[in-house]
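Asker: here is a sequence together with a model predicted from it:
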Amino acid sequence: MTKRMIVAMLALAGIFVALYLLLYKLGMIGHLSCNIGSCETVNTSKWARLMGIPVAGWGVAFYLAMFALAVVSTTERYADSAGMSKLLVFASGTGVLFSVWLTYLELFTIHAICEWCVTSAVIVTVIFLVTVADLRNKTADPDESAV
């Protein structure tokens with residue numbers, strides 16, 4: 001299994017987490033299952049929308065994009081592409097930065113933690129780490145990798 005396939009699987013997990021939060025935000029789920037923290041406090045705060053769109057909607061879009069990029073990058077045309085690896089690192093790095101900002105808001109502005117948001121933050125961080133490892137493999141000196 002390639003690193004890019006792992007990214008696709010992680011992105012799929014992220015889609016489900018973000019979709020669950022989005023369905024709650026849209027009123028299609030009555031309450032969030034939350035064993036630790038204050039998921040509803042976070043998801044009903046004024047910070048749960050960005051430019052009029054639920055943050056969870058942005059999450060679904062991000063994870064769908066990461067899934068699509070990861071799947072496309074496994075095709076024969078892009079399998080060895082360092083450019084695709086760079087794109088995956090850039091996209092996932094953007095997701096990590098957004099997640100850091102949201103976590104900052106949870107801790108220091110909202111004063112509540114959502115376990116689903118933390119789960120998403122962990123997923124996007126692992127995606128980023130895997131994409132960095134993929135980029136390193138694609139840009140490694142061929143002489144060194146043969147040793």
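Answerer: Noted; the coordinates are in hand. None of the values given here were measured: they were computed from a predicted structure.

Asker: give me every residue that touches the residue nearest the centre of the chain.
Answerer: Nearest to the mean C-alpha position of the chain, counting by CA atoms, centre = their mean, stands Val124 at 3.3 Å. Contact analysis of Val124 by CB atoms under 8 Å, 6 or more residues apart in numbering lists 14, 62, 92, 95-96, 99. Any C-beta I mention is one placed from the backbone N, CA and C, and that applies to glycine too.

Asker: narrow those residues to those that are buried.
Answerer: Taking 16 or more other CB atoms under 10 Å as the criterion, what is buried in the contacts of Val124 is 14, 62, 92, 95, 99.

Asker: any chance of CSV for these, columns distance to Glu106 and pLDDT?
Answerer: Below are these laid out as CSV (distance: CB to CB, whole Å; pLDDT from 0 to 100):
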residue, distance to Glu106, pLDDT
Gly14, 17, 98
Phe62, 18, 98
Ser92, 20, 98
Gly95, 16, 98
Ser99, 10, 97
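
Asker: okay, and which of these map to helices?
Answerer: 14, 62, 92, 95, 99 (DSSP state H).

Asker: not counting its neighbours along the chain, what's nearest the first one?
Answerer: Translated: Gly14. Using CB to CB, 6 or more residues apart in numbering and skipping residues adjacent in sequence, the residue nearest Gly14 is Tyr63, 3.8 Å away.

Asker: same deal with the third one?
Answerer: In this structure, Ser92 finds its nearest non-sequential neighbour in Phe128, 4.2 Å apart by CB to CB, 6+ apart.

Asker: over to Gly95?
Answerer: Sequence neighbours aside, Val124 is the residue nearest to Gly95 in space, at 4.3 Å (criterion: CB to CB, 6+ apart).
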